[in-house]
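Got a predicted model here, sequence first, then my questions.
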2 protein chains.
Amino acid sequence: MSDFKRLKLNLTKPVPSDYEISRNQQPKHITEVARESGVLDSEIEPYGAYKGKVSLDTLERLQDKVNGKYILVTGITPTPLGEGKSTTTVGLAQSLGSHLNRVAFANVRQPSMGPTFGVKGGAAGGGYSQVIPMDEFNMHITGDIHAIGMANNLLAAALDTRIFHESTQTDKGLWKRLCPEKKDGTRDIPIGLLPRIAKLGLDKKDPREWTEEEIGKFVRLDIDPKTITWKRVLDLNDRMLRGITIGQAPTEKGLTRETGFEITVASECMAILALCSSLKDMRERLGRMVVASNKSGEPVTCEDLGCAGALTAILKDAIKPNLMQTLEGTPVFVHAGPFANISIGASSVLADRIALKLAGTDPNLSNEERKSKEGYVITEAGFDFTMGGERFLNIKCRSSGLEPDVIVIVATVRALKVHGGGSEVKAGQQLPLEYTTENLEMLRTGCANLGKHIENAKQYGRSVIVAINKMSSDTDKEHDIIREEATKAGAIDAIVSNHWEEGGAGAVDLASGIIRAANNEYPGQQPEKFSFIYDLESTSIADKINAIAQKMYGAAEVEFLPQAQEKIKEYTAQGFDKLPICIAKTQYSLSHDAKLKGVPTGFKFPIRDIKASVGAGYLYALASEIQTIPGLATKCGFMNVEVNDKGEIEGLF
Amino acid sequence: MSDFKRLKLNLTKPVPSDYEISRNQQPKHITEVARESGVLDSEIEPYGAYKGKVSLDTLERLQDKVNGKYILVTGITPTPLGEGKSTTTVGLAQSLGSHLNRVAFANVRQPSMGPTFGVKGGAAGGGYSQVIPMDEFNMHITGDIHAIGMANNLLAAALDTRIFHESTQTDKGLWKRLCPEKKDGTRDIPIGLLPRIAKLGLDKKDPREWTEEEIGKFVRLDIDPKTITWKRVLDLNDRMLRGITIGQAPTEKGLTRETGFEITVASECMAILALCSSLKDMRERLGRMVVASNKSGEPVTCEDLGCAGALTAILKDAIKPNLMQTLEGTPVFVHAGPFANISIGASSVLADRIALKLAGTDPNLSNEERKSKEGYVITEAGFDFTMGGERFLNIKCRSSGLEPDVIVIVATVRALKVHGGGSEVKAGQQLPLEYTTENLEMLRTGCANLGKHIENAKQYGRSVIVAINKMSSDTDKEHDIIREEATKAGAIDAIVSNHWEEGGAGAVDLASGIIRAANNEYPGQQPEKFSFIYDLESTSIADKINAIAQKMYGAAEVEFLPQAQEKIKEYTAQGFDKLPICIAKTQYSLSHDAKLKGVPTGFKFPIRDIKASVGAGYLYALASEIQTIPGLATKCGFMNVEVNDKGEIEGLF
């Protein structure tokens, strides 16, 4: 990265607000970031001065390169205090790229605007480790989430409208409209309906030759409204839309139905954006999405509704990963952000693959040369290792064919104390004393949670490094305890990092440790074979769930409630039992019960229901009611936001 | 425009589909279009290769220029056959810019994606007069409509959530949360709530000093749910959302409410985007938007909810006009698209003002020099002259302070025959014979409709030119009749134009006529004073409506139904009677009854209700039930759309 231009940080204390830090740094033009990253001018489309889309052609051009190193950042079980995973991901990339002279990408998710204006705030990192401009990062970026919303909602409108028209028209009437007569008397078939014709085996090309029965089969999807799983979405925390009744205007003639909205990032379209490998693959996955069953119990897909081409058109730019930069001018890919509560909570396969090629090396290099030249891709998984990391490895890595080289687990003294029995904390309220003063015993107890995540990560055959994200009230003795307990649990190292306060300079030790670990240079470190915790083909749905609950969560056994048992039968019969599993449960405990901190054991893990994201390519099993659209609090983020006289945004955090 | 690089057209017959023509033309990079148009490199932000946002700084830099000529394109009363207003607007700009060596901008609305995937199709023009790339034009552009949707819906979520929290908390509880305690014991007031504090006259800055009564006034908006006028929006034709009940999930504790969605372009935020003059003006207008009344009948605004800053932040890029280009490489501004059914149906004031400066001339030029150097801005108003043109002049021009130099009315032989008593036509079905063969009598009868629009336009003191948008089945005699009737009605000229088939070359006669008219060079043409048909200050709400209905529509009288009478009283008391009026009625007749073609007279025009868009700055009076979210037909545009192996979109029209 010889021509890399580092953006210097002007560190001040106390650390100013995130948006002040972001605003006071002048970013490079995105075309410059692209050039420095090895993206050709013809492969970057700027969206404004500081964001750009990178063409998928990059992958083909660089196909012969040996991938750079792939570093997965995960965390301990989340607490209301936050552990700083995104901040660590960004700080690490700043350190590698701007201080250790490596090509280094941070690959992160695009945040939903719901939480940005709700309670949680933005997701650009924080302090002196941020993606900038943070306001552009937190709002819109290049519009991918908006495009996802459009695609999702066009399908919803098409679905409900189809039911409406089928309810008011005869087969012949539907046929006349769906296959309109041309001037020469022949009938046109819209291109979007050709896949359904193929599926039905209607080989007669001329619709005039179809029998009445064939016409009926073609025009009537015969959707059972009770089976509709497809919901509408909005990228907002709008709790009033969780449960609604639609179709109540007189024009809908009484065809009402209960349904609800989810947040846009919970859309299956978003999971597809994260997991697909090409435009063609996205097109096919969109077509496979199941939206309901017909009255005979067969799945009705997006393809049946003739929507898949239009959805692909809507998403044809969204599929290109977005390039931005960190406070120190290193490149960042921001692409896709499937909702961690019910989906994989990881950024896109395509962004990772492109970044790994851009960080990659010539295949003819010697190992020694490669070691000194190869770059790093730091990517993040939502929630803790045991949820986000497990899904990253078992779902995303299976989809991409990639394997991480090192797994990082981020922990803080404070958050570990929550797991060690500290009193309850609430975001935005003052911290009880034990969190801001030394308390070695509580911390040591809490380290069991960290230990469990380390053990879990090691089951995949990867080296684990613990990143101790430093807070000002931490003591050296506290850091020593974490180091001791982490090593005892099997981590190859535990390294203190101060990137929030110091940017990349504060993460040099951590970054250096990661380079050592990625190259198997720790004493006694042995290269291991990467392995999954369950096999896709030979393991049943129930046993896949058992594997995750027992090997990862520490459950004694899994209890499948009746609805779940029924779904296992149904999906197995439909051939969906070869798909990997995403378990939706609380993120606040290793178990299904948010109150159980530390390392719960011996519990019976309930599976209430199982749903299929056939297009995205996984089943998701629900361990509890999962809220798929958050609400706004009495005092919300949006109340702090203002645009000043210079046109700058104030108050985003 | 000496350095303008014309894109050559490769005309073929029969004229290929719109997307084929668009795809086969290689556009210039948007930075090149910007440079040719006089936009500095620092003033254009590319969004991809062919779209860009133009900075509002341009206005300040060019403030001393004398504006170019301002040409308003309108039409006769719409028919299902379409008259080709957008195509004419684009064709005219291609002609002026690419054939007559003038700086020429086409300023058009951003289309909603609802109709794009519904029945209507795209809005980029058509044939050899299009904005390109037409797929990018018809989908997303730079995300402005998505941003409008976010802003609108954040306000809706804030509103409903506020009612929910007020219903479950005491005054003190709300106060504690809205003004959270800081470490030093003082209380924080979110910046977004300061305007409400000012409005209430709460001059004590420290919330701890407020009396119980003051706390109550501050925290409790006390919204009457029955009075809520604010709806959620989606940029889709989703008829099932016209009437819905929200809040039915158990978490909302029974706080259900009937409401509905509108199409995003119907949002008042969109009207504000079209009418505002600066970021600051937009901020203030957003704050003034009225969403409901409190239980004492006082208006509750966006500002009361603490949302106006956040909405401005969401829209801070949307306010910058988007630059694109025509098939012949001339510049196009695409900015804002308020729904013509209930709003002004015109593109933005800011885009027009910037284009007029870019097309403008040095103030020191002589009149003769100016005439040869000055440029043209061709802008379009939705629906016919009498709806779109009237709103353009009485609402948009009042807001901008601009006056058009020439008014163009587009007509086709076919559409005039509909007004002359031709049999019913439906989009997508074969045309009855009278429309494709010569029928002079029917045409002459139909010309009365054109005549009425000409007379209406002349009331504003402007010269009118009729553009006869040529179809292949037209005969010369038919064109002669239109010319004769148009001149008789007061048009300064009526000129045949063949831009659909020939691009700008086909519109040279029309463009030349417009240059003549704009310079008062027609024999006998006299410069007239521009005048409005009603005065804002001295005319009551009822008399403004009378003026529009009688002077424009041809009504004998206006009947104000009880709801409308009540609103007149209410708005007059609230001081909103100084606002201009937007009348929402069917576009298919000069009257309120879609079936009355030609020039209906003597009818009683009903006003059922009046609503206020206080932020946008107008009242809108409803002459009938207006559908604010369209539906999808059995066979819809989306069924024709596919993305081919090269990643190109097929089937958009």
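It's in.

Name the surrounding residues that touch stretch A:197-211.
With contact meaning CB atoms under 8 Å, 6 or more residues apart in numbering or on different chains, stretch A:197-211 is reached by A:Trp175, A:Cys179, A:Thr186, A:Arg187, A:Ile189, A:Glu214, A:Ile215, A:Lys217, A:Phe218, A:Glu303, A:Asp304. Using the backbone N, CA and C atoms, a C-beta is placed for each residue, glycine as well.

Mind listing residues that contact the one helix or strand A:Thr312 maps to?
For A:Thr312, the element it lies in under DSSP states H and E is helix A:308-314. For helix A:308-314, the surrounding residues in contact (CB under 8 Å, 6+ apart) are A:147, A:150-151, A:154-155, A:191-192, A:195, A:269, A:279, A:282-283, A:286-287, A:302, B:113, B:117, B:135, B:139-140, B:637-639, B:641-643, B:649-652.

List buried residues within the residues you listed.
With burial judged by 16 or more other CB atoms under 10 Å in any protein chain shown, the buried subset of these is A:147, A:150-151, A:154-155, A:192, A:195, A:269, A:279, A:282-283, A:286-287, A:302, B:113, B:117, B:135, B:139-140, B:637-639, B:641-643, B:649-652.

Go through the residues you listed and flag which are in helices.
Under the assignment DSSP state H, these contribute A:147, A:150-151, A:154-155, A:195, A:269, A:279, A:282-283, A:286-287, B:113, B:117, B:135 to helices.

what's the lowest-pLDDT member of these?
Looking at those by pLDDT, the weakest one is B:Phe117, with 88.

Next up, the contacts around it.
Applying CB under 8 Å, 6+ apart, we find B:Phe117 in contact with A:Leu154, A:Ala310, B:Leu236, B:Asn237, B:Leu632, B:Cys636, B:Gly637, B:Phe638, B:Val641.

Tabulate these in TSV, adding columns for distance to B:Gln130.
Shown next, in TSV, are these (distance: CB to CB, whole Å):
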residue	distance to B:Gln130
A:Leu154	24
A:Ala310	20
B:Leu236	24
B:Asn237	23
B:Leu632	25
B:Cys636	22
B:Gly637	17
B:Phe638	21
B:Val641	17
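
From the residues you listed, pick the one nearest A:Ile607.
Among these, A:Leu154 lies closest to A:Ile607 (CB to CB), at 32.4 Å.

any idea how far A:Cys302 is from that closest one?
In this structure, A:Leu154 and A:Cys302 are 10 Å apart, going by CB to CB, to the nearest Å.

What values do phi and psi take at A:Val413?
Phi and psi for A:Val413, reported as degrees, to the nearest 10, are phi -60, psi -50.

and it, how many neighbours?
For A:Val413, the neighbour count with other CB atoms under 10 Å in any protein chain shown is 25.

quick one: pLDDT of it?
A:Val413 carries a pLDDT value of 96.

who's in contact with the residue in the stretch 1-150 of chain A that chain B sits nearest to?
The nearest approach of the stretch 1-150 of chain A to chain B comes at A:His146, 3.5 Å away (CB to the nearest CB). The contact partners of A:His146, by CB under 8 Å, 6+ apart, come to A:His140, A:Asp235, B:His140, B:Gly143, B:His146, B:Gly149, B:Met150.

these two touch, right, the first one and B:Ile145?
No - proximity of A:His140 to B:Ile145 does not meet the contact threshold set by CB atoms under 8 Å, at 11.9 Å.

pLDDT below threshold where in chain A?
Along chain A, the parts satisfying pLDDT under 70 run over A:1-2, A:120-121, A:427-428.

contacting residues for the closest residue to A:Ser267 other than its chain neighbours?
Excluding the flanking residues, the one nearest A:Ser267 by CB to CB, 6 or more residues apart in numbering or on different chains is A:Asn152, at 4.2 Å. A:Asn152 makes contacts with A:Arg232, A:Val233, A:Thr264, A:Ser267, A:Glu268, A:Cys269, as judged by CB under 8 Å, 6+ apart.

nearest to B:Lys585, of those residues?
Using CB to CB, A:Arg232 comes nearest to B:Lys585 of the contacts of A:Asn152, at 30.7 Å.

Help me confirm that the closest one comes into contact with A:Ala156.
Yes - counting by CB under 8 Å, A:Arg232 does reach A:Ala156; the two are 4.7 Å apart.

intersection of neighbour lists for these two?
Common neighbours of A:Arg232 and A:Ala156, using CB under 8 Å, 6+ apart, are B:Asp238.

In a helix, A:Ser423, correct?
No - using DSSP: H, G, I helix; E, B strand; the rest coil, the secondary structure at A:Ser423 is coil, not a helix.

surely it meets A:Leu431?
No - A:Ser423 is not in contact with A:Leu431 according to CB under 8 Å; the separation is 9.5 Å.

neighbour-wise, which of those two wins?
More crowded of A:Ser423 and A:Leu431, by other CB under 10 Å: A:Leu431, with 14 against 11.

Which residue, other than its chain neighbours, is closest to the more buried one?
Distances taken as CB to CB, 6+ apart place A:Val425 nearest to A:Leu431, at 6.2 Å, with adjacent residues excluded.

and that neighbour, how many neighbours?
19.

List the contacts of it.
For A:Val425, the contact set (CB under 8 Å, 6+ apart) comprises A:Thr79, A:Pro80, A:Leu81, A:Val418, A:Leu431, A:Pro432, A:Tyr435.

what kind of secondary structure is A:Pro46 in?
Using three-state DSSP, the secondary structure recorded for A:Pro46 is strand.

Tell me if I'm right that it and A:Val54 touch.
No - using CB under 8 Å, A:Pro46 is not in contact with A:Val54, being 10.8 Å away.

Looking only at neighbour counts, state which of these two leads.
It is A:Val54, of A:Pro46 and A:Val54, that has more neighbours when counted by other CB under 10 Å, with 27 against 23.

List the contacts of that one.
Contacts of A:Val54 by CB under 8 Å, 6+ apart are A:Ala34, A:Val39, A:Glu43, A:Ile44, A:Lys320, A:Pro321, A:Asn322, A:Leu323, A:Phe333, A:Ile354.

what's the burial count for the nearest residue to the fourth one once chain neighbours are set aside?
On the basis of CB to CB, 6+ apart, the spatially nearest residue to A:Ile44 that is not a chain neighbour turns out to be A:Ala34, at 3.9 Å. For A:Ala34, the count of nearby residues is 24 (other CB under 10 Å).
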